[in-house]
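Peer 1: have a look at this prediction, sequence included:
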Amino acid sequence: MGAILNGLALTRQNVPTWDRTVHGSAEGTARGGYILAEGENGEPDLIIIATGSEVQLAMNAREELHREGISTRVVSMPCIEWFLGQEASYREQVLPAEVTARVSVEAGIATPWREFVGDAGEIVSLEHFGASASGPELFERFGFTVDRLVHAARTTLARTTTPRRAPVTTSL
């Protein structure tokens with residue numbers, strides 16, 4: 001049986017650090033995925049799953065969606081394999097099945113994210129490699145923007161939200 005190697009790929013991008021008294025503990029990294037920022041009252045309408053330097057986009061999209069009244073949870077998922085290795089109750093706590101409006105964002109291929117966003121979810125991904133420029137320039141060029149994440153959020157919400165209708169009344 002061969003050795004299993006695990007590691008984290010770090011970025012050279014200038015990414016923000018998160019106040020861990022406000023946001024989820026970095027100890028969640030060891031579990032592969034964790035709630036970085038909760039939705040309003042702990043009841044999210046939408047979950048954005050992000051990894052690496054894309055987490056800052058997810059956090060910025062969350063702020064914009066919050067201004068629109070959309071309760072948004074951000075899940076940081078640095079390692080899919082570690083997350084899948086967690087007990088089912090933990091995975092359900094982080095990604096509750098009843099929240100089907102989901103968006104994933106990673107400057108990588110979409111394939112592994114379908115399992116987490118489901119059929120109604122949206123995946124913001126990159127299906128090629130080899131471009132060379134600064135991180136911010138590449139993100140803009142390939143559509144890794146807050147606007148695109150907000151659009152993806154609205155799209156999945158439209159698929160998963162039943163419109164509220166006034167009760168039908170009948171007259172006798």
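Peer 2: Sure, I can see it. Numbering: from 1, shown residues only.
Peer 1: how about E43: what's its closest non-neighbour residue?
Peer 2: Once its chain neighbours are removed from consideration, E43 has its nearest residue in S71; the separation is 6.0 Å (Cβ to Cβ, 6 or more residues apart in numbering). C-beta here means a position set from N, CA and C on the backbone, and glycine is covered the same way.
Peer 1: need phi/psi at that neighbour.
Peer 2: The phi/psi pair for S71 (degrees, to the nearest 10) reads phi -70, psi 120.
Peer 1: now do the one 10 residues further on
Peer 2: With angles defined as degrees, to the nearest 10, E81 sits at phi -60, psi -40.
Peer 1: cool, S104 as well?
Peer 2: phi -110, psi 150.
Peer 1: cool, the one 10 residues further on as well?
Peer 2: R114 adopts backbone torsions of phi -60, psi -40, taken as degrees, to the nearest 10.
Peer 1: for it, give its distance to L149.
Peer 2: Using Cβ to Cβ, to the nearest Å, we find R114 at a distance of 17 Å from L149.
Peer 1: the two: who's more crowded?
Peer 2: With other Cβ atoms under 10 Å as the criterion, R114 and L149 differ in neighbour count, and L149 comes out ahead with 27 against 12.
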